[in-house]
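A.B. asks: okay, structure incoming, though there's no sequence with it:
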């Protein structure tokens, strides 16, 4: 799971409220990943793959990140971001996705991350940019995207079984139209998650057009540092797990475990 830095044109205003929301998601993600790392090293008996307490949290965290990403696209489009600026920031996200794949392969060679949240975000941001002009139809498109995986899973077990090997295979399972989820450490396919980004984009357009004052309120108290953290989301994401894992490995070494 991960956030991304908002793709905004130079000179665009920063809205502390969306930065704080992203920062809160990052803190939540860090707690989640620390628990996962403890379980991975045998220091805590938890099942992060099957226990609903953890799987539901993962869904909520990823949803929050993608919603913020869609909202940030609304800001970027409203303030006239050009494609050159978009592709420059997009390349940073895509490059980090490649690094995540390489790093996860070194640690989990049989379940490395080949289409996690950064990979999915790289694809979905292009779609969001191209569909930003859909206006209110984004709400409907988001609902359809959220429902497609359930419809596909039903179809692949009720008459369309011949398609299952193709859609479940790695070349196509990044779409999310599968009858079984692949074995990987992070899996954020285009469907249903594009629906969450579309809803974030639609919500951002509505707020910027009708409730701009909501976004212009200053962040105070604990919200202020969360807003600062939210501005450095991609850098934070790329560093937090290596630091957590490295710290745990160092502690295990010093403890002789």
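C.D. replies: Okay, I see it. As the structure is a prediction and not an experimental result, all values here were calculated from the model. Numbers count the residues shown, from 1 in each chain.

A.B. asks: what mean pLDDT does the lengthiest helix in the chain have?
C.D. replies: Using DSSP state H to define each element, the chain has its longest helix at helix 52-78. Helix 52-78 shows a mean pLDDT of 97.

A.B. asks: what's the spacing between the next helix-or-strand element following it and its chain's center?
C.D. replies: Tracing the chain C-terminally past helix 52-78 and defining elements by DSSP states H and E, one meets helix 83-107 next. How far helix 83-107 lies from its chain's middle: 13 Å, per C-alpha atoms, centre = their mean, to the nearest Å.

A.B. asks: and if you look at stretch 221-236?
C.D. replies: 16 Å.

A.B. asks: buried sites along that stretch?
C.D. replies: 223, 226, 227, 229, 230, 231, 232, 233, 234, 236 (16 or more other C-beta atoms under 10 Å). The way it works is simple: take the backbone N, C-alpha and C, and place the C-beta from them, glycine included.

A.B. asks: right, and the pair among those with maximum separation?
C.D. replies: 223 and 234 (20.7 Å; C-beta to C-beta).

A.B. asks: count the neighbours of residue 132 for me.
C.D. replies: Residues lying near residue 132 (other C-beta atoms under 10 Å) number 20.

A.B. asks: typo on my end, residue 135
C.D. replies: 12.

A.B. asks: before we move on, the earlier item: what about the buried residues of stretch 221-236, which are in helices?
C.D. replies: 223, 226, 227, 229, 230, 231, 233, 234, 236.

A.B. asks: would you pull up how far the longest helix of the chain lies from the middle of the chain?
C.D. replies: For helix 52-78 - counting by C-alpha atoms, centre = their mean - the centre lies 6 Å from the chain centre.

A.B. asks: immediately after the helix or strand in which residue 164 is found, which helix or strand?
C.D. replies: In this structure, residue 164 sits in helix 164-168 according to DSSP H and E. As assigned by DSSP H and E, the chain's next helix or strand after helix 164-168 is helix 190-210.
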